[in-house]
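# I'd like to go over a predicted model; first the sequence, then the structure.
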Amino acid sequence: MHTVAYSLGIYLLNLFLAFLQPKFDPSNEAIDNDMEDGSAGGLPTKQDEEFRPFIRRLPEFKFWYSATRAITIGFVCTWFAIFDVPVFWPVLVVYWLILFALTMRRQIQHMIKYRYVPFTFGKAKYNKNSS
């Protein structure tokens, strides 16, 4: 039962990271487009440059659908003795926490570096008559 829960936790962490990441990664585009002439740049900094809204790599509906399906499969797997592998569960918990901390730290640093916020509650709101 512990291995099923651990596997489910790793899969949900992977889904969550895909949900947080942008579909078009600025670091990959900079490497692809500007590496030839040696001027790898970042996001648009001027008014007339192209604006790209935040588009998730994994859309919200697919995230919830995959998470629900995985939880259901994990729940069904706990009914069978073949998945009840004896493990020392504190090791799995500590390893998962370390993995979570490292991946989220890397993702948050990437979000800060390229200044994208995947949530709507932290974004600036503008009035229509702001002139």
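Nice, I can see it. Numbers count the residues shown, from 1 in each chain.
# and the lengthiest helix in the chain, what other elements does it pack with?
Selection of the longest helix in the chain by residue count, based on DSSP state H, yields helix 89-113. Judged by 3 or more Cβ pairs under 8 Å, 6 or more residues apart in numbering; DSSP states H and E, the packing partners of helix 89-113 are helix 2-20. To be clear about C-beta, it is placed using only N, CA and C from the backbone, and glycine gets the same treatment.
# what are the buried residues along the longest helix of the chain?
Within helix 89-113, the residues that qualify as buried are L92, H110, counting by 16 or more other Cβ atoms under 10 Å.
# please apply the same query to stretch 76-89.
Quick answer for stretch 76-89 (16+ other Cβ under 10 Å): C77.
# end to end, how far does it reach?
Start-to-end span of stretch 76-89 (Cα to Cα, to the nearest Å) is 20 Å.
# contacts for it?
Stretch 76-89 has contacts (Cβ atoms under 8 Å, 6 or more residues apart in numbering) with M1, H2, T3, V4, Y6.
# any idea of the mean pLDDT in that stretch?
Averaging pLDDT along stretch 76-89 gives 88.
# with that, I have no additional questions.
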